[in-house]
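build me a model from this:
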Amino acid sequence: MRECPRLGRAAALLAAALAAGACAREPQLVVLRGETMGTHWSVKAVPAPDAPAPAALDAEIRALFERLDAALSNWDPDSELSRWNRSAGREWTPLSGELYAVLRASAAVNAWSEGAFDVTVAPLVDLWGFGPAGPREAPPGADELAAARARVGAALLELREAPPAARKRRPDVSVDLSAIAVGHATDRVAELLEAHGIGRYLVDVGGELRAAGEGPAGGPWRIAVQRPDAPEGRAQRLLPLAGAAVATSGDYRRFYERDGRRYAHAIDPRTGEPVRHSLASVTVVAPTAAEADAAATTLLVLGPGAGLRVALARGLPALLVARAEGGFSERMTPAFAALLGDGGARGDAVPHQASPAASFAILLALVAGVFALAAGGLGLGALAGRGPLRRSCRPVACGACRRPCPRRAHSAAPAAEEVAR
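Numbers count the residues shown, from 1 in each chain. Sure thing, here's the model as predicted:
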């Protein structure tokens, strides 16, 4: 039986019209972008009825980032943290609410990290050439390392809640918040959006993401977790994200090599040296970006064995990618596997990958259109007699994962990015 050309053309026209109508009903998406804390940030949000205009919201977000950087940066010599680091006294020093909150959160992670997460690691970060002082020509000697290690330890830093304050037990103790500050900034932006009644958003600060509600096309936001060896736009996994945050830490972006040895920026506070195991990256999902940020760094420092053991013990959704012969191997916790569901297939075709919801809607419209047109001969003739549509709605998708600029004040690899709304 020969296929009726009018039927096929009419079905295609109806499917395109219905798809275009679905896109027309898609909520408007506000997209804001900028730079802060040595990296890029972006906010994608479905505006609430009483929310500020995009320009006003952008100004609020930028002002928030300025306050956060002024409190938490150890790259800005005039920041609150830098001034505290330079102080040599052992008395209680009053702290802003921002700085105290991050120090308190850091202490909570240190308690379960088996010593792998310790913000007093700053002397070691500087010693190995990954701090504000910049790179060094050769690795440090044994005496330099011993002197720096003596200044590191969670017990050397005391916190007081009311009024917020901190005290050093050694006058030369200093703090580096790079493994949690960007996550904290992500959370603070999310809180700002929610204070304005915005409940559907994706916040990305340097690859640390927090999402809430549905994307504009419906369903969760979809996040690409980039492979450690990935060229632009290739991903290890595609992760649905809603009502949670995700962060990735890796050792493959900031490192140098001397005499055949690779020195990564991930420093183990317990040994005083850059990590030397096979683990290349760790991705963690948590209720807040600060928790995900700090947890990813902790597991990366612990390594493939201990990191997986701790993640399992704490029920963390975590993906650990390790170097193996011929490439990379991955291990994930059951909690991470449960989040992936059917959407966790490898993302080898991330660029311009259409949303499954949008693709299914178009297919459903096509099938419905065929049956509807077959039942109505007059309607079919009328539709088939029209010229072709000049436009149709493009697939709901976005471009490949970008790579933010090298981070000045954060140890996690910026390896997660939204790929489809």
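
only C-alpha atoms for contact and neighbour calcs from this point on.
OK.

just the buried residues of stretch 155-164, please?
156-157, 159, 164 (16 or more other Cα atoms under 10 Å).

a markdown table for the residues you listed, including pLDDT, distance to R331 and secondary structure?
Listed next are the buried residues of stretch 155-164 as a markdown table, based on pLDDT from 0 to 100; distance: Cα to Cα, whole Å; DSSP: H, G, I helix; E, B strand; the rest coil:
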| residue | pLDDT | distance to R331 | secondary structure |
| --- | --- | --- | --- |
| L156 | 97 | 35 | helix |
| L157 | 97 | 35 | strand |
| L159 | 98 | 37 | strand |
| P164 | 97 | 41 | coil |
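
need the residue closest to the centroid of the protein.
For the chain, the residue nearest the mean C-alpha position is E208 (2.3 Å; Cα atoms, centre = their mean).

correct me, but that one touches V225?
No - the criterion here is Cα atoms under 8 Å, and E208 misses it with V225 at 11.0 Å.

related to what we said a few turns ago, check what pLDDT the residue nearest to the centre of the chain gets.
Note for E208: predicted pLDDT of 96.

tell me the bridge partners for it.
Here E208 sits in beta bridges with V205, as judged by DSSP bridges.

for L299, what are its contacts?
Residues in contact with L299 (Cα atoms under 8 Å, 6 or more residues apart in numbering) are 116, 282, 306-308, 310-311.

cool, A88 as well?
Residues counted as contacts of A88 (Cα under 8 Å, 6+ apart) are 171-172.

try 6 Å this time
P171 (Cα atoms under 6 Å, 6 or more residues apart in numbering).

secondary structure element for it?
Counting by DSSP states H and E, there is no helix or strand that carries A88.

so how far is L156 from it?
Here A88 is placed at a distance of 13 Å from L156 (Cα to Cα, to the nearest Å).

same question for V121.
11 Å.

can you check A266 too?
Taking Cα to Cα, one finds A266 at 21 Å from L156.

residue boundaries of the strands in the stretch 151-300 of the chain?
Here the stretch 151-300 of the chain has its strands, by DSSP state E, counting those that start in this stretch, at 157-160, 165-168, 201-205, 208-212, 221-226, 235-241, 244-250, 255-258, 261-264, 267-268, 273-274, 279-286.

which residues in this protein form helices?
With DSSP state H, the ranges of helices along the chain come out as 5-24, 54-72, 80-86, 97-112, 122-127, 142-149, 181-195, 289-302, 304-314, 334-340, 356-375, 377-384.

so how far is W112 from A181?
19 Å.

output the below-cut-off pLDDT ranges for the stretch 151-300 of the chain.
229-234, 236, 252-260, 263 (pLDDT under 70).

hmm, try it at 90
The model of the stretch 151-300 of the chain has pLDDT under 90 over residues 215-218, 224-238, 250-266, 275-278.

and G347, what pLDDT?
37.

nope, L13 is what I was after
At L13, pLDDT is 46.

could we number from 895 for the rest of this?
In the new count, where the first residue is 895, that last one comes out as L907.
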